[in-house]
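A.B. asks: Fold the following for me, if possible:
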Amino acid sequence: MRILVLMGQGGRATSPGMVSLAERLEEFGKSSVHAWDDPMVVQLLNAALRSGGKAAVVGYSLGANQLGYISPLVHYRIDLGIAYDPSRFSPLVKNGVQTAPNFRKLVCYHNVGAWWFGGSRYEGPNVKTVKVNAFHLAVQFDEALHLRTIEEIKQENENV
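C.D. replies: Okay, here's the model as predicted:
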């Protein structure tokens, strides 16, 4: 499985929880960390999926919003997306919501307590919403969410 972890704005300085999570995900396949706006993400996904492999994208903040951006650009169905507190200030968000229909399954950690950053969500038949209530910068460190993410990737990796 190819796993891409997309950081929030500010990169490693503001997304150390996601960098740590990416290291834990190495157990399930090739995991790499990318800036939220890294143009290589689409190419990496297309390459992984073209060869018949599986792929997952985990994003935080603006990196979570990017799932909606990359969805129509990838030529194959993406197996799994996990969005940690997408930002309501992304231009991809309309009325607090966005979609990513090219993901077979998308888990959105929707921060109902967001006061400035975060607070957006995904909707669609492929989306499972998990409500959280935390300071935006703290969401990336939530061990319960990390364990849930690991379990989702583990299950997807076992599905043939």
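A.B. asks: The lengthiest helix in the chain packs against which elements?
C.D. replies: When the chain is parsed with DSSP state H, its longest helix is helix 143-158. Counting contacts by 3 or more C-beta pairs under 8 Å, 6 or more residues apart in numbering; DSSP states H and E, helix 143-158 packs against helix 16-25, strand 55-60, strand 78-84, strand 103-111, strand 127-132. For the C-beta atoms, the positions are set from N, CA and C on the backbone; glycine is no exception.
A.B. asks: tally of neighbours for the closest residue to Tyr122 other than its chain neighbours?
C.D. replies: Closest residue to Tyr122 apart from its sequence neighbours, by C-beta to C-beta, 6 or more residues apart in numbering: Cys108 at 4.4 Å. As a burial measure, Cys108 scores 26 neighbours (other C-beta atoms under 10 Å).
A.B. asks: now do Gly113
C.D. replies: Neighbour tally, Gly113, other C-beta under 10 Å: 14.
A.B. asks: try Ala138
C.D. replies: Count around Ala138 with other C-beta under 10 Å applied: 12.
A.B. asks: Need phi/psi at it.
C.D. replies: phi -90, psi -20 (degrees, to the nearest 10).
A.B. asks: so how far is His75 from it?
C.D. replies: 36 Å (C-beta to C-beta, to the nearest Å).
A.B. asks: Kindly reformat the helices and strands packed on helix 143-158 as JSON lines containing distance to Ser31.
C.D. replies: Listed next are the helices and strands packed on helix 143-158 as JSON lines, based on distance: least, C-beta to C-beta, whole Å:
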{"stretch": "helix 16-25", "distance to Ser31": "4"}
{"stretch": "strand 55-60", "distance to Ser31": "9"}
{"stretch": "strand 78-84", "distance to Ser31": "13"}
{"stretch": "strand 103-111", "distance to Ser31": "17"}
{"stretch": "strand 127-132", "distance to Ser31": "21"}
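A.B. asks: Those: which one's closest to Met40?
C.D. replies: strand 55-60 (12.6 Å; C-beta to C-beta).
A.B. asks: Can you tell me what sits against the helix or strand following the closest one?
C.D. replies: Sequence order places helix 62-70 as the next helix or strand after strand 55-60, per DSSP states H and E. By C-beta atoms under 8 Å, 6 or more residues apart in numbering, the residues outside helix 62-70 that reach it are 5-9, 15, 18, 34, 36-37, 41-42, 45, 57, 59, 78, 81, 83-87, 90, 92-93, 98-100, 103, 106, 108, 120, 122.
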